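Participant: Predicted model follows, preceded by the sequence.
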Amino acid sequence: MFKKLQSFCQELEHEFSKITPARREQLSKLAAYFSKKYQSVSPEARPKVTVICTHNSRRSHLAQIWLAAAADFYHLPKIETFSGGTEATAFFPAAVAAMVRAGFKIENSTPEIANPVFQIRWKRGQKNYPAFSKKYDDAPNPTKNFAAVLVCSSADEACPVVFGADFRLSLPFDDPKKSDGTAFQKEIYDARCREIGREMLWVMRMATG
């Protein structure tokens, strides 16, 4: 893992005490899902998760990427992480910038289009991890045997059933969009990146058993 990002993850480990008991109760359900998948002998049981919010532009991308990086941080077997929205827009630049400040390497490989594909890495020698906005049931997102994690209340209400999911969890985060164009935008996006990173690291730490 890149040195800056590894240091950031270590900082977040020291912040696990900030996660409230009520929040831990929800997060532990996701950790248990991953742990069960890891313990299965079936080759089809590799953990898969689709993180869902309304526009697939901010929180869902942050959680998707943090989950994958957290599995690497704890040297867990690979998980497959995806994200989607109830509609497609674009991975918002302020959210991308917050991830870069945390230590991720991110490049926009298609800057000429409105919904660009970002190539993400968190360690040397890693194959680029693509991220772009899409609907939650669009390819390449899985269609069966996956966890659906809904990170905004509106998506939770819009998707009472996520077809094909074998686990569903409502895990809302405050939307950093409210800070767009304000003097607090950078601070708010960094805080949300930090919070999501902290909780996704906690999930994967608990998944180790």
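Facilitator: Sure thing, it's come through.
Participant: hey, which helix is longest across this structure?
Facilitator: helix 185-207 (DSSP state H).
Participant: show me where the chain has helices.
Facilitator: According to DSSP H, the helices that the chain contains are 3-13, 21-39, 59-73, 93-102, 153-158, 185-207.
Participant: Isn't residue 1 up against residue 7?
Facilitator: No - taking contacts as Cβ atoms under 8 Å, residue 1 lies outside contact range of residue 7: 9.5 Å. No exception for glycine: its C-beta is placed from N, CA and C like everyone else's.
Participant: Who has more neighbours out of the two?
Facilitator: Neighbours around residue 1 and residue 7, counted as other Cβ atoms under 10 Å, are more numerous at residue 1. The numbers are 17 against 13.
Participant: List the single closest residue to the more buried one in space, sequence neighbours excluded.
Facilitator: residue 123 (4.7 Å; Cβ to Cβ, 6 or more residues apart in numbering).
Participant: That neighbour: neighbour count?
Facilitator: 13.
Participant: ok, of the helices of the chain, where does mean pLDDT dip lowest?
Facilitator: The weakest mean pLDDT among the helices of the chain belongs to helix 153-158, with a mean of 76.
Participant: ok so, going back, buried residues in the longest helix of the chain?
Facilitator: For helix 185-207, the neighbour count (16 or more other Cβ atoms under 10 Å) marks 185, 188-190, 192-204, 206-207 as buried.
Participant: name the helices or strands packed onto that helix?
Facilitator: In terms of contacts (3 or more Cβ pairs under 8 Å, 6 or more residues apart in numbering; DSSP states H and E), helix 185-207 is packed against helix 3-13, helix 21-39, helix 59-73, helix 93-102.
Participant: For the most centrally placed residue in the chain, list the residues it contacts.
Facilitator: The C-alpha lying nearest the average C-alpha coordinate of the chain belongs to residue 63 (Cα atoms, centre = their mean; 1.6 Å). By Cβ atoms under 8 Å, 6 or more residues apart in numbering, the residues touching residue 63 are 51, 83, 149, 151, 171, 173, 196, 200.
Participant: again, only this time at 7 Å
Facilitator: Contacts for residue 63 (Cβ atoms under 7 Å, 6 or more residues apart in numbering) come out as 51, 149, 151, 196, 200.
Participant: Any idea how many residues pack against residue 112?
Facilitator: Counted with other Cβ under 10 Å, residues neighbouring residue 112 total 6.
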